[in-house]
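Novice: can't give you the sequence, but here's the structure:
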């Protein structure tokens, strides 16, 4: 017969409790609704994991601006679980539940690229918005330059203004032709 010491019993109890604390998880998107900005996701590190349903999608945003990512089925995302119940904040009122670090309070905070499928980064020192193959991109560098690469570039505006001492198209100076 094996004797269990008090230390072993307490250690086992603590370990079991910690297994129910969720901090962050790498998940696969099962379903996504980009109209309500919610997704069902499945943790990748646990073969017996239960899907997390209706997780809100967080974007880089302020009261006035947003950078929106078009998440799709099978995307890999980083999901964090709030220290406290997010329902009163998300739904505007009510009492908070006493839960902490629950999958019920999961938020999708960004996509993640696995090491098994690396991206060849052409711009390690620049801000880039683009496709993973960099065939379409907007690049901002610390020299103050903005480069845009695209198969088609469309501008829709009431007023378009070009200001510069050197305005070129296909290597020809356009500024000399503007009066």
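Specialist: Yes, it's here. This structure is a prediction, so every number in the text was calculated from the model and none was measured.
Novice: number of residues surrounding residue 59?
Specialist: Close neighbours of residue 59, defined as other C-beta atoms under 10 Å, add up to 13. For the C-beta atoms, the positions are set from N, CA and C on the backbone; glycine is no exception.
Novice: wait, isn't it in contact with residue 69?
Specialist: Yes. At 6.8 Å, residue 59 counts as touching residue 69 under the criterion of C-beta atoms under 8 Å.
Novice: what number of residues lie near residue 41?
Specialist: For residue 41, the neighbour count with other C-beta under 10 Å is 28.
Novice: okay, and the beta partners of it?
Specialist: When assigned by DSSP bridges, residue 41 has beta-bridge partners residue 29, residue 52.
Novice: and for residue 140?
Specialist: Beta-bridge partners of residue 140, as defined by DSSP bridges: residue 127, residue 146.
Novice: longest helix in this protein, by residue count?
Specialist: Using DSSP state H, we find that the single longest helix of the chain is helix 6-18.
Novice: now do the SS call for residue 88.
Specialist: Assigned with DSSP: H, G, I helix; E, B strand; the rest coil, residue 88 falls in the helix class.
Novice: what sits against it?
Specialist: Applying C-beta atoms under 8 Å, 6 or more residues apart in numbering to residue 88 gives the contacts 94, 95, 96.
Novice: among the residues you listed, name the buried ones.
Specialist: Among these, not one counts as buried by 16 or more other C-beta atoms under 10 Å.
Novice: roughly how far apart are residue 103 and residue 24?
Specialist: Using C-beta to C-beta, to the nearest Å, one gets 11 Å for the distance from residue 103 to residue 24.
Novice: neighbour count for the two, which is higher?
Specialist: When neighbours are counted by other C-beta under 10 Å, residue 103 comes out ahead of the other of residue 103 and residue 24, with 19 against 13.
Novice: quick check, pLDDT for the more buried one.
Specialist: pLDDT recorded at residue 103 is 80.
Novice: phi, psi of it?
Specialist: Phi and psi for residue 103, reported as degrees, to the nearest 10, are phi -60, psi -20.
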